[in-house]
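Asker: show me how the following folds:
(one chain, ligands or ions: 1)
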Amino acid sequence: MLLGALLASAFGASVAIPLTSSLNPVDLFSRASISSGCSSTGTASCSNTSAISDQCCFETPGGLLLQPQFWDTDPSTGPSDSWTIHGLWPDNCDGTFEQNCDSSRAYTDIAGLLSAQGSSDTLDFMNTYWKNQGASDETLWEHEWAKHGTCMSTLETKCLPSGSAKGAEAVAYFNTVVKLFKTLPTYEWLKDAGITPSSSQTHTLADLTAALKAGFGSTPSLDCDSGAVYQVSYYYHLKGSVIDGTFVPINAPEAGSCPSTGIKYLVKSGSSTTTTKTTSTTKTSTSTTTSATGAPTGLPTKATIHAVQNGAQVGGLLSLGTWSTQTLATFTLSGSATSFTLSSSKGTCGVSGGVFACGSGVSSTFSAVTSGNLLLLSYDGSTSFSSDKVPSGTTVYAVNTGGGDSSVYTLSIVST
Ligand SMILES: *[C@@H]1O[C@H](CO)[C@@H](O)[C@H](O)[C@H]1NC(C)=O
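Answerer: Numbering: from 1, shown residues only. Okay, the predicted model is just below:
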């Protein structure tokens with residue numbers, strides 16, 4: 001393999017690639033992978049001046065690609081000296097984006113798919129560096145593929161070599177994400193500029209972005225929560241296919257949510273083993289680190305969702321996301337209390353046209369807020385949901401977001 005040429009073409013000859021000891025360049029290209037047959041030197045996505053018809057070799061409309069990485073500290077995920085992978089997203093050139101583009105390819109058992117198609121090394125890496133917070137990593141992988149990967153034009157099945165195994169394009173997605181992430185050692189880049197995690201020190205946005213630009217060559221965006229950085233996103237245009245094209249670094253088209261000064265880069269506490277489900281065993285040395293924020297820290301990974309009206313429970317949600325007084329469904333929650341996705345046995349849950357439903361191919365982001373001793377589901381800043389009528393017996397009602405319908409209630413998340 002023309003490794004040097006590949007590296008140069010993959011990341012632009014002018015961009016220095018710091019290869020620290022933990023980043024073995026050979027490893028980047030040793031895995032089994034399909035080939036797109038596309039040129040990786042043509043027009044970069046979002047840079048064309050006339051229409052390009054071969055959308056298998058030109059990423060469109062999602063030609064503004066970004067690789068977000070998490071720095072999770074509450075609870076911590078992943079190694080204490082590495083950021084972790086969030087995903088690879090195909091934004092449209094104007095920053096809007098498509099999502100969940102093909103529910104028929106919303107694969108489950110990503111781990112099995114990777115193992116079966118010669119990408120166990122990618123899977124091993126993901127097990128360490130592509131971490132979910134408070135739920136299984138597999139759930140996050142499935143979510144990222146279904147929500148973002150299925151929207152990539154160059155990964156449509158018609159673009160694959162004939163005879164490709166089912167799911168080969170998802171395997172290619174994960175291989176590419178891991179390959180890219182290995183060229184983006186955020187922790188090392190910050191450390192090279194003397195910036196290391198601390199519970200008290202603060203930084204300016206300019207200092208943080210300058211340190212990352214020195215490594216990446218372009219300016220990434222940084223997101224903060226309560227003044228602490230928790231996410232970085234590196235942006236690219238792409239020449240060729242997501243499978244094996246050239247990712248060209250570009251400046252983030254807009255700044256993230258961090259303020260310009262006073263940014264904390266918190267220490268990963270090693271509290272990733274927080275006891276979410278304490279059985280009646282003795283709590284030994286697990287020190288209870290009380291969170292400084294009022295937001296709930298423990299989000300159950302499996303829960304039933306109860307409807308609470310005037311202080312009393314009236315049934316709850318079934319697997320399609322309807323309100324009923326029949327036996328409630330178990331939902332899987334993936335993410336953190338401030339941002340998570342929900343799914344039932346029918347599929348992911350989301351809001352479309354103001355109606356909550358599961359298994360319709362829509363996935364939305366929810367948050368949870370505490371109210372007394374309840375953990376309430378919140379959508380778009382509101383914990384109110386409503387239906388036309390109160391269900392009984394075998395009748396079910398659609399759940400609308402907001403309190404606009406005659407029967408208003410909140411939805412309480414109850415760990416199973
Ligand atoms: C770039 O190509 C895409 C896909 O053919 C097309 O939709 C878009 O309009 C083109 N952009 C310009 C500026 O011509």
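
Asker: where does the residue in the stretch 251-400 of the chain positioned nearest to the ligand land on pLDDT?
Answerer: Relative to the ligand, the nearest point of the stretch 251-400 of the chain is residue 253 (16.0 Å; CB to the nearest ligand atom). In this view, the C-beta of every residue, glycine as well, is placed from N, C-alpha and C. You'll see residue 253 listed with a pLDDT of 97.

Asker: report the contact partners of residue 199.
Answerer: By CB atoms under 8 Å, 6 or more residues apart in numbering, residue 199 lies in contact with 264, 266, 267.

Asker: list buried residues within these.
Answerer: Buried members of these, counted by 16 or more other CB atoms under 10 Å: 264, 266.

Asker: tell me the one among the contacts of residue 199 nearest to residue 191.
Answerer: residue 267 (13.3 Å; CB to CB).

Asker: name the nearest residue to the closest one, ignoring sequence neighbours.
Answerer: Nearest non-adjacent residue to residue 267, counting by CB to CB, 6 or more residues apart in numbering: residue 197, 4.2 Å away.

Asker: got the contact list for residue 147?
Answerer: Per CB under 8 Å, 6+ apart, neighbours of residue 147: 99, 100, 363.

Asker: surely the residue nearest to residue 267 touches residue 228?
Answerer: No. Using CB atoms under 8 Å, residue 197 makes no contact with residue 228, being 10.0 Å away.

Asker: tell me the residues of this protein that contact the ligand?
Answerer: 48, 49, 50, 51, 52, 60 (CB under 6 Å from any ligand atom).

Asker: among the residues you listed, who's most crowded?
Answerer: residue 60 (19 neighbours; other CB atoms under 10 Å).

Asker: and it, what element?
Answerer: Following DSSP states H and E, there is no helix or strand that holds residue 60.

Asker: quick one: residue 218 from residue 209, how far?
Answerer: Distance of residue 218 to residue 209, given as CB to CB, to the nearest Å: 10 Å.

Asker: my bad, residue 316
Answerer: 45 Å.

Asker: how about residue 195?
Answerer: 11 Å.

Asker: looking at these two, which one has more neighbours?
Answerer: residue 209 (22 against 18).

Asker: wait, the more buried one touches residue 222, no?
Answerer: Yes. With contact defined as CB under 8 Å, residue 209 reaches residue 222; the gap is 6.7 Å.

Asker: regarding residue 121, what is its secondary structure?
Answerer: helix (DSSP: H, G, I helix; E, B strand; the rest coil).

Asker: neighbours of it, just the number please.
Answerer: Applying other CB under 10 Å, we find 15 residues neighbouring residue 121.

Asker: according to the record, where do the domains of this structure fall?
Answerer: As given by automatic domain parsing, the domain ranges for the chain are 3-264, 302-415.

Asker: looking at the ones you listed, which has the lowest confidence?
Answerer: Across the domains of the chain, the lowest-scoring stretch is domain 302-415, with a mean of 87.

Asker: check which helix or strand covers residue 126.
Answerer: helix 120-129.

Asker: report the buried residues of that helix.
Answerer: 122, 123, 125, 126, 129.

Asker: alpha carbons only: can I get the helix or strand following that helix in CSV?
Answerer: Note on helix 120-129: by DSSP H and E, the next helix or strand toward the C-terminus is helix 137-147. C-alpha atoms of helix 137-147 as CSV (Å, rounded to 0.1, in the frame of the first residue of the first chain):
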residue,chain,number,x,y,z
ASP,A,137,-22.2,2.0,23.7
GLU,A,138,-24.0,-0.2,21.2
THR,A,139,-27.0,2.1,21.5
LEU,A,140,-25.0,5.2,20.7
TRP,A,141,-23.4,3.4,17.7
GLU,A,142,-26.8,2.4,16.3
HIS,A,143,-28.1,5.9,16.9
GLU,A,144,-25.2,7.6,15.2
TRP,A,145,-25.4,5.3,12.1
ALA,A,146,-29.2,5.5,11.8
LYS,A,147,-29.5,9.2,12.4
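
Asker: which SSE is immediately downstream of helix 137-147?
Answerer: Counting by DSSP H and E, what follows helix 137-147 is helix 168-181.

Asker: spatially central residue for this protein, please.
Answerer: Per CA atoms, centre = their mean, the C-alpha nearest to the average position across the chain is that of residue 86, at 4.3 Å.

Asker: which strands and helices lie in contact with the biggest strand by length in the chain?
Answerer: In the chain, taking DSSP state E as the definition, the longest strand is strand 228-239. Other helices and strands packing on strand 228-239, by 3 or more CB pairs under 8 Å, 6 or more residues apart in numbering; DSSP states H and E, are strand 64-70, helix 205-216, strand 221-225, strand 246-250, strand 263-264.

Asker: out of the ones you listed, indicate the one that is most buried.
Answerer: strand 64-70 (a mean of 23; mean count of other CB atoms under 10 Å).

Asker: parallel or antiparallel, list what pairs with that strand.
Answerer: Strand 64-70 pairs in its sheet with strand 84-85 (antiparallel), strand 89-91 (antiparallel), strand 228-239 (antiparallel), by DSSP bridges.

Asker: please report phi then psi for residue 41.
Answerer: phi -130, psi 10 (degrees, to the nearest 10).

Asker: quick one: neighbours of the closest residue to it other than its chain neighbours, just the number.
Answerer: Nearest residue to residue 41 in three dimensions, chain neighbours excluded: residue 239, at 6.0 Å (CB to CB, 6+ apart). Number of residues near residue 239 (other CB under 10 Å) recorded here: 24.

Asker: ok, now which ones touch residue 239?
Answerer: Residue 239 sits in contact with 39, 40, 41, 42, 43, 44, 45, 245, 246, 248, where contact means CB under 8 Å, 6+ apart.

Asker: nearest residue to the first one other than its sequence neighbours?
Answerer: When you say that, I think you mean residue 39. Using CB to CB, 6+ apart, the closest residue to residue 39 is residue 240 (5.8 Å).

Asker: next, the contact list for the one you found, please.
Answerer: If a contact means CB under 8 Å, 6+ apart, then residue 240 has 36, 38, 39, 40, 41, 42, 57, 58, 154, 246 as its contacts.

Asker: specify which member of these is nearest to residue 164.
Answerer: Nearest to residue 164 among the contacts of residue 240, with distances taken as CB to CB, is residue 36, at 10.9 Å.
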